[in-house]
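1. Got a sequence here, can you model it:
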Amino acid sequence: MLDPVISQAREWGFICQRQESNSWLILPQQSNQKWRLQQIAERWILIVGDVPQLRLYAEEAIAFLEARWLENN
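-> Residues are numbered from 1 along each chain as shown. Take a look at the predicted model:
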């Protein structure tokens, strides 16, 4: 079963990449945006530039992605 964050991110058109460690990386739709979400165990780390900012639960990561999606659509 696919992670709900990944499922929703794909539905909204975000770039989802599987890492060598079997964790996920979610990238913005537009290359000029400098954030990314990286899965670490059951949590998601919001990274802006190359600086980790927040540890998010799945629901919070989906809310972050929804806000970015609404911002761009």
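2. going forward, measure contacts between C-alpha atoms and count neighbours the same way
-> OK.
3. Which strand or helix spans the closest residue to L56 other than its chain neighbours?
-> With sequence-adjacent residues excluded and distances taken as C-alpha to C-alpha, 6 or more residues apart in numbering, L56 is closest to W44, at 4.9 Å. Secondary structure assignment for W44, by DSSP states H and E: strand 43-48.
4. which one's the longest helix in this protein?
-> If each helix of the chain is counted by residues according to DSSP state H, the longest one is helix 58-72.
5. Look at I26 and report its pLDDT.
-> Among the per-residue scores, I26 holds a pLDDT of 98.
6. what's the burial count for it?
-> By other C-alpha atoms under 10 Å, the residues close to I26 number 22.
7. now it, nearest residue through space, not along the chain?
-> Nearest non-adjacent residue to I26, counting by C-alpha to C-alpha, 6+ apart: C16, 4.6 Å away.
8. you'd agree the one you found is in a helix?
-> No. Counting by DSSP: H, G, I helix; E, B strand; the rest coil, C16 falls outside a helix, being strand.
9. Return the residues in contact with it.
-> Contact partners of C16, counting by C-alpha atoms under 8 Å, 6 or more residues apart in numbering, are I6, A9, R10, W24, L25, I26, L27.
10. rerun that using 10 Å as the cut-off
-> Residues counted as contacts of C16 (C-alpha atoms under 10 Å, 6 or more residues apart in numbering) are I6, S7, A9, R10, W24, L25, I26, L27, P28, L37, Q38.
11. For the third one, the count of nearby residues, please.
-> By that I understand A9. Counted with other C-alpha under 10 Å, A9 comes out at 21.
12. Quick check, pLDDT for it.
-> On the pLDDT scale, A9 gets 97.
13. if we look at the helix or strand containing it, which residues are touching it?
-> Assigned by DSSP H and E, A9 belongs to helix 4-11. With contact meaning C-alpha under 10 Å, 6+ apart, helix 4-11 is reached by 1-3, 12, 14-17, 24-28, 39, 44, 57-63, 65-66, 69.
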